[in-house]
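K.L.:
mind looking at a prediction? Sequence and model below.
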Amino acid sequence: GQQVMQIPQYQHVQEGEDFTTYCNSSTTLSNIQWYKQRPGGHPVFLIQLVKSGEVKKQKRLTFQFGEAKKNSSLHITATQTTDVGTYFCAGRGGNQFYFGTGTSLTVIP
Amino acid sequence: DAGITQSPRHKVTETGTPVTLRCHQTENHRYMYWYRQDPGHGLRLIHYSYGVKDTDKGEVSDGYSVSRSKTEDFLLTLESATSSQTSVYFCATLGGPNEKLFFGSGTQLSVL
């Protein structure tokens, strides 16, 4: 079946440092979505990427979709304590979503 | 956010007992999903529904069944709970611009 791998599994950064998480799929994706889950919370939608090579920004967050539509990344510039949580990518196949294993981000003040 | 309510929020049960988790939505979304979340595994799809009485299996469906008799309700049943089914269970619906997933607050299930 479809597999979506995500690295790293954990990342600890000092506040103000940058952070990147990478997502790779075994198959070509029609689109990819990113979600954030705060500790003790539920996943919340951040963004969707659809086009090959697409880049989208949300304030300090930059999302990229690879040219082959098999990989994606999320980059956070100058992390803040409010960025703490687990970030998941989710590749869409039909009406099913295949989630990566997530990257848990800890920001040290 | 979509109105998605999961019940119960927490449950402790014994091995071998049946358990039913409920998901209720007020958004009239057609697609509903049940995921389980375990450390190191992310979110794994158990079952999903694409309409009333229309359901299909996900990647980890063994030991689980679902039912959807009304658009707003999606039930997940563990026929005979096992310790390996100790997990956090999330219900989600699909909707909105971007066709994104809206998640409920989750159910923490412990099988002793």
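P.N.:
Right, received. Where do you want to start? None of the values given here were measured: they were computed from a predicted structure.

K.L.:
where does chain B have low pLDDT?
P.N.:
Low-confidence segments of chain B (pLDDT under 70): B:1-2.

K.L.:
how about the residues of it near chain A?
P.N.:
Proximity of chain B to chain A, by Cβ under 8 Å from any Cβ of the partner chain, involves residues B:1, B:31, B:33, B:35, B:40-45, B:48, B:50, B:58-59, B:90, B:94, B:98-106. The C-beta positions use only the backbone N, C-alpha and C, and glycine is treated the same way.

K.L.:
what subset of those is buried?
P.N.:
By neighbour count, with 16 or more other Cβ atoms under 10 Å in any protein chain shown, these hold B:31, B:33, B:35, B:42-45, B:48, B:58, B:90, B:94, B:100-104, B:106 as buried.

K.L.:
take the residues you listed and keep only those in strands.
P.N.:
Of those, the ones assigned to strands by DSSP state E are B:31, B:33, B:35, B:42-45, B:48, B:90, B:94, B:100-103.

K.L.:
and those as TSV, adding distance to residue A:63?
P.N.:
Shown next, in TSV, are those (distance: Cβ to Cβ, whole Å):
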residue	distance to residue A:63
B:31	24
B:33	23
B:35	22
B:42	18
B:43	19
B:44	23
B:45	23
B:48	25
B:90	23
B:94	20
B:100	14
B:101	17
B:102	20
B:103	20
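
K.L.:
among those residues, which pair sits farthest apart?
P.N.:
For those, the farthest-apart pair by Cβ to Cβ is B:31 and B:42; their separation is 19.5 Å.

K.L.:
can you classify residue A:82 by secondary structure?
P.N.:
Following DSSP: H, G, I helix; E, B strand; the rest coil, residue A:82 is assigned to helix.

K.L.:
so how far is chain A from the residue nearest to the spatial centre of chain B?
P.N.:
Centroid-nearest residue in chain B: residue B:34, 2.9 Å away (criterion: Cα atoms, centre = their mean). Relative to chain A, residue B:34 is positioned 12 Å away (Cβ to the nearest Cβ, to the nearest Å).

K.L.:
which ones are touching that residue?
P.N.:
When contacts are counted by Cβ atoms under 8 Å, 6 or more residues apart in numbering or on different chains, residue B:34 touches B:21, B:23, B:45-48, B:58, B:64, B:66, B:74, B:76, B:89-91.

K.L.:
ok, so of these, who is nearest residue A:75?
P.N.:
Among the contacts of residue B:34, and counting by Cβ to Cβ, the member closest to residue A:75 is residue B:90, at 26.3 Å.

K.L.:
beta partners for that closest one?
P.N.:
Under DSSP bridges, the beta-bridge partners of residue B:90 are residue B:35.

K.L.:
so it touches residue A:41, yeah?
P.N.:
No. Look at residue B:90 against residue A:41 with Cβ atoms under 8 Å: they stay out of range, at 10.6 Å.
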